[in-house]
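[1] Kindly generate the corresponding structure for this input.
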Amino acid sequence: MQKDTAYGNYLAGRVAHIRQDYDNAARYYVRTIEKGMVNEDLLGKTYIILASQGKIDQAVKYAGIARKNGDKNNFIDVINAVYAFKHGDYKSSRVALNSINEKTYKKLIAPLFNAWSYVGEDNYEQAVTELQKLSGMEEMKTVYSLHSGLISEYFGKTKDAQKYYDIVINDKANDMSFRALQIISNFLVRNGEKEKALNLVAKYYGSSNIKEMLASLREKINQGSAASSRLVNTPDEGAGEVFLEIALLFKSVPVGHDYAQIYMAVSEYFNPDNDIAKIAMADLFEERLMFNDANKYYDSIGKKSEMYYCLLYTSPSPRDRSVSR
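    Numbering: from 1, shown residues only. Model prediction:
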């Protein structure tokens, strides 16, 4: 078989795809298209795989070609929104995402994503207005409060941030995630409430099965290294938190693992330094028996990271569990 033909590259891509070798699958599919073989199925495979690898700057090209060829997949609009946001075109990012009529996007993803797009435009009032679309949903109370706190912090509104973080701390109906504990303890230390931060960690330490992670966080608080700066400093990092939230929701449902992988990759595209996102991606690859890919992410976690202690655990996964279980 002559591989450097459209058909040869397509067959090589299919073999790589079946073997879950997504890097090579994407490479061969792109070469197939460049050789002139263009159809809806191939274009769809190409932009989805590229997006699942976090290669949004490439995915947007083939998603655009697919849309011109009649592909109405909502994920094209997601790719366009993510690409526009990353490149500072916040208005276009909202237009793209708001064009999706599916309930999950309208009620959950769009308010969070759009809020951070308004942060990018330095518009606090509109960011808050977007987030308030979530305020009446009891199941989203913690997510709404956490992002409201992050955005308030970004704009220097410390009292408002404290109010929202207190809601997360005192919410007995919903478990606090380890990420929320990191963010809130970081805020407390930076605002002179080191003891409150230590007490918050101690609240979960006695009953938690992720004690090493909590002990590492407690040590960082004591040393002051847990609060050298905010954990979310830019609109991109805020958007990364949004897609991590969405990815973990999908990851909790077996049929949602494909979506989880894509949204984790999008989260990494916005913030490649979030160790929780790295661990979640590694865990997902491990569940899919893609051990080489999993190890790449595990190996990228430094020993000083609280998430390094996730490597001590096997099943059930502690990667995205709450600290209170």
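[2] so where do the helices sit in the stretch 151-300 of the chain?
    Assigned by DSSP state H, counting those that start in this stretch, the stretch 151-300 of the chain shows helices spanning 158-170, 178-190, 194-205, 211-223, 235-251, 257-270, 275-287, 291-299.
[3] if I look at V189, how far off is Q182?
    V189 is 11 Å from Q182, where distance means CB to CB, to the nearest Å. In this view, the C-beta of every residue, glycine as well, is placed from N, C-alpha and C.
[4] do D175 as well
    As judged by CB to CB, D175 and Q182 stand 15 Å apart.
[5] and what of D71?
    39 Å.
[6] Apart from its chain neighbours, what residue comes closest to Y124?
    Excluding the flanking residues, the one nearest Y124 by CB to CB, 6 or more residues apart in numbering is F155, at 4.7 Å.
[7] Distance-wise, check the one you found relative to V255.
    For F155 relative to V255 (CB to CB), the value is 39 Å.
[8] Could you do G70 as well?
    The spacing between G70 and V255, counted by CB to CB, is 27 Å.
[9] Pull out the buried positions in stretch 13-32.
    Buried residues in stretch 13-32, counted by 16 or more other CB atoms under 10 Å: 13-14, 16-17, 21-22, 25-32.
[10] about what we covered before: looking at D175 and Q182, which is more packed in?
    Q182 (20 against 15; other CB atoms under 10 Å).
[11] so who does that one touch?
    Neighbour list for Q182: L217, A226, L231, I276, E306 [criterion: CB atoms under 8 Å, 6 or more residues apart in numbering].
[12] right, and the first one touches V201 too?
    Yes - in terms of CB atoms under 8 Å, L217 counts as a neighbour of V201; the distance is 5.8 Å.
[13] what about the two, which has more around it?
    Using other CB under 10 Å as the criterion, L217 and V201 rank with L217 on top: 26 against 20.
[14] per-residue pLDDT, that one?
    pLDDT recorded at L217 is 86.
[15] what's the spacing between it and Y124?
    L217 is 30 Å from Y124, by CB to CB.
[16] ok now do the residue nearest to K35 when sequence neighbours are not counted, which residues does it touch?
    Closest residue to K35 apart from its sequence neighbours, by CB to CB, 6+ apart: A6 at 3.6 Å. When contacts are counted by CB under 8 Å, 6+ apart, A6 touches T32, K35, G36, M37.
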